[in-house]
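Q: Need a 3D model of the following:
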Amino acid sequence: MADELSGQCACGAIRYRIDTNIRQAVNCHCNMCRKHNGSVFSSYAVIPAGRFQVEDPDRKLGGYDYSERVRKHFCDHCGTPLFNTNTRYEKYRMIYLGTLDQAAQVVPNANIYCSSQLDWVKSIDEISNFPEEFKA
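A: Presented below is the predicted three-dimensional model:
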């Protein structure tokens, strides 16, 4: 997978840099991730905390304690979820793949918590695809 990556929130108030090779990226299908992210699964890169640097000059980085262990970090201005921390894995950060500037370079190599995966996700490649928006 890729190294020397960067990312940002939708409004650009918060940027980050990753200065290591990403070895693990996952699609998490747990119920918490669905609620946490507002989607049917979340895609994360898992990286060492010391290799992740946040640039937040206007102090827009907000957080929400989703549970005793899990904290979601996001932009207070535009609401973009950026990364999660988990006290179980204190030495790591879980970066939302959609916030990477080079998102196409990082491909998840595992699906986790598939016991709560929505059934239709398994057949997502069978539905109609359009290069841009769908027009009825």
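Q: Kindly state the beta-bridge partners for the residue lying closest to Asn84 once chain neighbours are set aside.
A: In space, not counting the residues next to it along the chain, Asn84 is nearest to Met94; the distance is 4.3 Å by Cβ to Cβ, 6 or more residues apart in numbering. Yep, even glycine has a C-beta here, placed from its N, CA and C like the rest. Met94 has these beta-bridge partners by DSSP bridges: Val46, Asn84.
Q: ok, so what distance separates Met94 from Glu126?
A: 29 Å (Cβ to Cβ, to the nearest Å).
Q: What residues does Glu4 make contact with?
A: Contact analysis of Glu4 by Cβ atoms under 8 Å, 6 or more residues apart in numbering lists 17-19.
Q: Which one (most neighbours) among these?
A: With neighbours defined as other Cβ atoms under 10 Å, the most crowded of the contacts of Glu4 is Ile18; it has 23 neighbours.
Q: Now do the same for the closest residue in space to that one that isn't next to it in sequence: its pLDDT.
A: Spatial nearest neighbour of Ile18, chain neighbours left out: Leu5 (4.4 Å); criterion: Cβ to Cβ, 6+ apart. Model confidence at Leu5, given as pLDDT, is 92.
Q: swap in the one 10 residues further on?
A: Confidence per residue is given as pLDDT, and for Arg15 that number is 98.
Q: check contacts around it.
A: Here Arg15 is in contact with 6-8, 54-55 (Cβ under 8 Å, 6+ apart).
Q: so which of these is the most crowded?
A: Counting by other Cβ under 10 Å, top hit in the contacts of Arg15: Gly7 with 24 neighbours.
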